[in-house]
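S.K.: Have a look at this prediction, sequence included:
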Amino acid sequence: MITGAGKGMGPAISQAFSSEGAKIVILGRDMTALETLKEEIGPKASVTVIRCDVTSASDCEAAVSQAETAHGRVDVLVNVAGGTGPVGDTAWETTPEGFDEIIKLNMGGCFLMMKAVLPGMIARRYGKIVNVGGTFGMHGRAGRMAYSASKWGLRGITKSTAIEVGPYNINVNIVAPGMVDGPRFRTKVMPGMAEAAGRSEEEIIAEHAAEYALRRISSAQDVANACLFLASDVSRQITGIDLPVDGGWAAL
């Protein structure tokens with residue numbers, strides 16, 4: 001099961017799992033985006049589309065029930081669904097509504113999906129959960145307080161749950177992307193940061209790349225590869241970790 005599959009990094013992650021032969025269940029609110037993704041993956045693949053608002057407990061429970069009915073079990077959950085929150089706002093400029101909204105989505109959405117899928121995984125004594133966090137949840141960033149708080153909180157949810165479900169042979173980890181080039185990065189994040197800094201988007205992008213050891217911004221495929229690794233049995237002895245996919249930014 002892959003949440004937030006239709007947008008952002010979701011399509012690349014969905015394509016990556018499908019290319020490995022996985023039967024995938026793609027979730028989201030935008031059914032047009034999900035159906036388009038299903039067509040792009042191709043008719044030979046096993047792709048089930050389910051509408052799901054991850055901030056709704058009933059939606060999450062219904063989605064897991066539908067997936068288990070269709071396929072018998074859910075082996076892997078990848079929580080991609082999330083948002084950026086206020087961009088460029090200081091802590092004192094962030095509204096309570098803006099703060100609550102991103103916490104509910106980035107933390108609450110992962111919690112609700114995990115809560116829905118874990119009983120089945122525990123009963124079968126097998127499961128892989130990969131939460132997509134962010135390096136701003138490992139290293140603070142001015143102008144991104146609310147987003148950073150949501151990703152710091154997701155780390156706590158992930159690590160505590162990993163301890164609880166470890167005895168049931170279930171791995172729970174975080175992939176923490178840095179800046180990821182793509183539509184949302186170009187149309188929402190960069191314009192907001194450029195406006196707040198009073199500089200061009202090209203200058204802001206170049207500044208970010210210069211902060212990374214590898215001097216380049218990550219791609220959605222980089223993130224997808226990390227998700228595949230943590231969802232596979234190659235990583236059977238890894239749980240409760242943050243895996244930065246950021247060209248070395250968090251380590252510097």
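M.R.: Received the coordinates, thanks. Numbering: from 1, shown residues only.
S.K.: So for R216, what's the pLDDT?
M.R.: For R216, the pLDDT comes out at 88.
S.K.: Backbone dihedrals for it, both of them.
M.R.: According to degrees, to the nearest 10, the main-chain angles of R216 amount to phi -150, psi 150.
S.K.: which residues touch it?
M.R.: 209, 247 (CB atoms under 8 Å, 6 or more residues apart in numbering). Yep, even glycine has a C-beta here, placed from its N, CA and C like the rest.
S.K.: Relative to G6, how far out is it?
M.R.: As judged by CB to CB, to the nearest Å, R216 and G6 stand 26 Å apart.
S.K.: Could you list the low-pLDDT ranges of the stretch 51-200 of the chain?
M.R.: Along the stretch 51-200 of the chain, no part satisfies pLDDT under 70.
S.K.: Was I right to think H139 contacts W249?
M.R.: Yes: judged on CB atoms under 8 Å, H139 makes contact with W249 at a distance of 7.4 Å.
S.K.: In terms of neighbours, single out the busier of those two.
M.R.: Shown here are H139 and W249; by other CB atoms under 10 Å, W249 has more neighbours (22 against 17).
S.K.: Double-check that that one belongs to a helix.
M.R.: No: using DSSP: H, G, I helix; E, B strand; the rest coil, the assignment for W249 is coil, not a helix.
S.K.: Please name the residues that touch the residue nearest to A220 when sequence neighbours are not counted.
M.R.: In space, and not counting its chain neighbours, A220 is closest to A12: 3.6 Å by CB to CB, 6 or more residues apart in numbering. Remark: with contacts taken as CB under 8 Å, 6+ apart, A12 is in contact with 219-221, 223-224.
S.K.: most neighbours, which of the residues you listed?
M.R.: Most neighbours among the contacts of A12, by other CB under 10 Å: V223, with 26 neighbours.
S.K.: so how far is G82 from that one?
M.R.: For V223, the distance to G82 (CB to CB) stands at 12 Å.
S.K.: same deal with L105?
M.R.: 6 Å.
S.K.: hey, what's in contact with both of the two?
M.R.: Common neighbours of L105 and G82 (CB under 8 Å, 6+ apart) are S150.
S.K.: which residue sits closest to M138, ignoring its sequence neighbours?
M.R.: Nearest one to M138, counting by CB to CB, 6+ apart, is A250 at 4.9 Å.
S.K.: How about G137?
M.R.: Nearest residue to G137 in three dimensions, chain neighbours excluded: K151, at 2.6 Å (CB to CB, 6+ apart).
S.K.: likewise N171?
M.R.: Here the residue nearest N171, using CB to CB, 6+ apart, is T239, at 4.3 Å.
S.K.: Next: L27.
M.R.: Spatial nearest neighbour of L27, chain neighbours left out: C52 (4.1 Å); criterion: CB to CB, 6+ apart.
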